[in-house]
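Return a 3D structure for these sequence lines:
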Amino acid sequence: MITVQEAFKKFRSRLELNDREQNDASRRQKDIRRVMKDAFSIDRDFLTGSYARHTKTKPLKDVDIFCVLGDSERHYRKESPSVLLADVEKELAKEYGAGNVTQQRRSVCVDFGIRVDEEGGTDDKVMSFDVVPAFDEVEHYEIPDTATTSGWTKTDPEIHAERAVQAQQAYNREWKGLVRMMKSWNREMGKPIKPSFLIEVMALEVLFPPFGGTYSREIQAFFHTLADRISETWPDPAGLGPDVSDRMTPQMCAEARRVLLDSEQRAALAIRQEREGRNGEALKTWRALFGKQFPLS
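Predicted coordinates for the structure are as follows:
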């Protein structure tokens, strides 16, 4: 029977993107780029967010594509951000259908109609893209944000990526794997922590290198520290945009803390089961926390 440590390594591998998923994401990106360039002046576009930082979990959805608009589109900066988002939504809907395109706070989501199978897979297909129109402001980007007073938010995904790379190197190249596992837990638990990027931002501070060597102990400690600090304010790592924790109300923080502490106790149970030689029970306890992607064999 597979050991718990081996199961965690297999779980980590399952959460990494494979060639088929990357090829599908690349193809989708090219399709969206074509639609956007036909409708707008686009200086450049690139994949960003957790997909580009390799902290995306599965099933693969909400992949961010930044579309940097050219100077001829700067008239949108004088309008409400919803005007730009509505025009992006309208153009994408012509290609993908109105029922598959949705305007969001900072982006427009394109749903490709891919559904998750009984084993939690998508046949290596990307479920959706978030198209983010952006303006280059030399030292940062500005993107629409309908939840802010100004209507626009400063951001720099390249700084976010640099922080993730630094953390990965400091943590014996295990930091991104642990973040993906915790994001997978968050999805399995009904997303008590929003947005999932908040987990990544907190991990920059609460995962102290080096890696301890045992995944079960690392995850248990991760649960405990997230529960302890979930109510704190967590700013944008780039120091530009609004706090990443601005969606977490006191009620949401209390619920997230409750779920995290419950998960920590279940992690402690799994560790005790493993120590007592009840390996099969330990694997099932971990699967209950992480879902079907966590292997039993």
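
Regarding Phe135, what is its secondary structure?
strand (DSSP: H, G, I helix; E, B strand; the rest coil).

OK, contacts around it?
For Phe135, the contacting residues are 68-69, 73-74, 77, 141-143, by CB atoms under 8 Å, 6 or more residues apart in numbering. (Glycine included, C-beta is placed from N, CA and C.)

For these, point out the one with the lowest pLDDT.
When the contacts of Phe135 are sorted by pLDDT, the bottom entry is Arg77 at 92.

Please list the outside residues in contact with the worst-scoring helix or strand of the chain on mean pLDDT.
Lowest by mean pLDDT, DSSP states H and E among the helices and strands of the chain is helix 49-53, with a mean of 88. With contacts defined as CB under 8 Å, 6+ apart, helix 49-53 is touched by 17, 25, 46, 56-57, 60, 62-64, 130, 157, 160-161, 164, 176, 183, 196-197, 200.

Strands - which of those residues land there?
Secondary structure from DSSP state E places 46, 63-64, 130 of the contacts of helix 49-53 in strands.

Just the buried ones among those residues, please.
Among the ones in strands among the contacts of helix 49-53, those classed as buried by 16 or more other CB atoms under 10 Å are 63-64, 130.

mind putting these in JSON lines, pLDDT and distance to Asp111 included?
Shown next, in JSON lines, are those (pLDDT from 0 to 100; distance: CB to CB, whole Å):
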{"residue": "Val63", "pLDDT": "93", "distance to Asp111": "12"}
{"residue": "Asp64", "pLDDT": "93", "distance to Asp111": "15"}
{"residue": "Asp130", "pLDDT": "96", "distance to Asp111": "10"}
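
Kindly indicate which of these lies nearest Gly291.
Closest approach between those and Gly291, by CB to CB: Val63, at 20.2 Å.

okay but the closest one is in contact with Leu47, surely?
Yes - counting by CB atoms under 8 Å, Leu47 is a contact partner of Val63 at 6.6 Å.

Now do the shared contacts for those two.
By CB under 8 Å, 6+ apart, the residues touching both Val63 and Leu47 are Ala25.

And the pLDDT at Thr57?
Each residue has a pLDDT score; the one for Thr57 is 85.

roughly how far apart are it and Arg28?
With distances taken as CB to CB, to the nearest Å, Thr57 is found 18 Å from Arg28.

what about these two, which has more around it?
Neighbour count, other CB atoms under 10 Å: between Thr57 and Arg28, Thr57 has more, with 24 against 19.

Which residues are in contact with that one?
Applying CB under 8 Å, 6+ apart, we find Thr57 in contact with 15, 50, 180-181, 183-184, 187, 196.

Which of those fall in helices?
In this view, the contacts of Thr57 that belong to helices under DSSP state H are 15, 50, 180-181, 183-184, 187.

Could you identify the longest helix within this protein?
Longest helix in the chain, counting by DSSP H: helix 250-275.

tell me what that helix is packed against?
Judged by 3 or more CB pairs under 8 Å, 6 or more residues apart in numbering; DSSP states H and E, helix 250-275 is in contact with helix 215-229, helix 279-290.

what mean pLDDT does that helix have?
98.

returning to that earlier point: what would the contacts of Thr57 look like in a markdown table with distance to Asn279 and neighbour count?
Output for those, formatted as a markdown table (distance: CB to CB, whole Å; neighbours: other CB atoms under 10 Å):
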| residue | distance to Asn279 | neighbour count |
| --- | --- | --- |
| Leu15 | 22 | 21 |
| Ser50 | 32 | 24 |
| Arg180 | 24 | 24 |
| Met181 | 19 | 23 |
| Lys183 | 26 | 23 |
| Ser184 | 21 | 23 |
| Arg187 | 26 | 18 |
| Ser196 | 30 | 19 |
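
From the residues you listed, pick the one nearest Thr3.
Met181 (16.8 Å).

buried ones in stretch 38-57?
40, 42, 45, 47-57.

Would you format these as a markdown table with distance to Leu226 included?
Below are these laid out as a markdown table (distance: CB to CB, whole Å):
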| residue | distance to Leu226 |
| --- | --- |
| Phe40 | 40 |
| Ile42 | 38 |
| Asp45 | 34 |
| Leu47 | 27 |
| Thr48 | 24 |
| Gly49 | 21 |
| Ser50 | 17 |
| Tyr51 | 22 |
| Ala52 | 24 |
| Arg53 | 19 |
| His54 | 21 |
| Thr55 | 15 |
| Lys56 | 19 |
| Thr57 | 16 |
